[in-house]
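> After the sequence you'll find the predicted model.
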Amino acid sequence: MLLRHALRSFLFGALTGYREALLFDDELLYVAALFHNVGLNARYCRSPRRFEIDSADEARDFLRSNGIGEPAVTEVWTAIALHTTPGIPEYMSPLVFLVSAGVQMDLRGARYDEFTPRQRDEVVRAFPRESEFKHEILEVYARGMERRPETAFGSINADILDRCDPNYRRINFCGLVLGSRWST
């Protein structure tokens, strides 16, 4: 399921880039899309870090081991690290924006109407969505974060844990400020 999601995310991101006439490296977009959820795998279930960071580090190591230069490595790392952080990727490089845009299109239909019915159909025909994809993807995310719930603070991941984990208690920024050790 995650592989098909990654491939659809790549295609939706690439289609967005072509439609908007953005300059981007489609191979780097492909790598970023393929690695963006690696940190949800069981290998990382005990990681104390956000899954996006584990995913970005894996992509970084892969790219470095294949002789890719540091500017490209950093851009892929940033794209993966920020793909679940709304409101920021669209103000960064085309690659950072397109990874997020592709993922968000596949997950929640962001900018759905900017794709033609034919484009949507061809992507889904090539890499089908499971009949229960919407629910299954949320469960995969929740399982990937259940042992590191504190990493969900400040991201959409808190919404996922809030829905899927009855024991999850959302960290509230206002509570952190008001409950800080500062007297004023």
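Happy to help now that I have it.
> Okay, and A6 sits in which element?
helix 2-19 (DSSP states H and E).
> Would you mind writing the CA trace of the helix or strand hosting E122 as PDB?
Assigned by DSSP H and E, E122 falls within helix 117-126. Extracted C-alpha coordinates of helix 117-126, given in PDB (Å, rounded to 0.1, in the frame of the first residue of the first chain):
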ATOM      1  CA  PRO A 117     -10.400  13.200 -14.800                       C
ATOM      2  CA  ARG A 118      -8.200  11.400 -17.300                       C
ATOM      3  CA  GLN A 119      -5.000  12.200 -15.300                       C
ATOM      4  CA  ARG A 120      -6.600  11.000 -12.100                       C
ATOM      5  CA  ASP A 121      -7.900   7.800 -13.700                       C
ATOM      6  CA  GLU A 122      -4.600   7.000 -15.400                       C
ATOM      7  CA  VAL A 123      -2.600   7.400 -12.100                       C
ATOM      8  CA  VAL A 124      -5.100   5.300 -10.100                       C
ATOM      9  CA  ARG A 125      -5.300   2.700 -12.900                       C
ATOM     10  CA  ALA A 126      -1.500   2.400 -12.900                       C
END
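> after it comes which helix or strand?
From helix 117-126, the next helix or strand downstream (DSSP H and E) is helix 133-145.
> now the helix holding A6, how far from the centre of its chain.
Chain-centre distance of helix 2-19: 12 Å, with C-alpha atoms, centre = their mean, to the nearest Å.
> Heading C-terminal from it, find the next helix or strand.
Next in line after helix 2-19, if elements are assigned by DSSP H and E, sits helix 26-35.
> Give the buried residues for that following helix.
Within helix 26-35, the residues that qualify as buried are 28-35, counting by 16 or more other C-beta atoms under 10 Å. Bear in mind the C-beta positions are built from the backbone N, C-alpha and C, glycine included.
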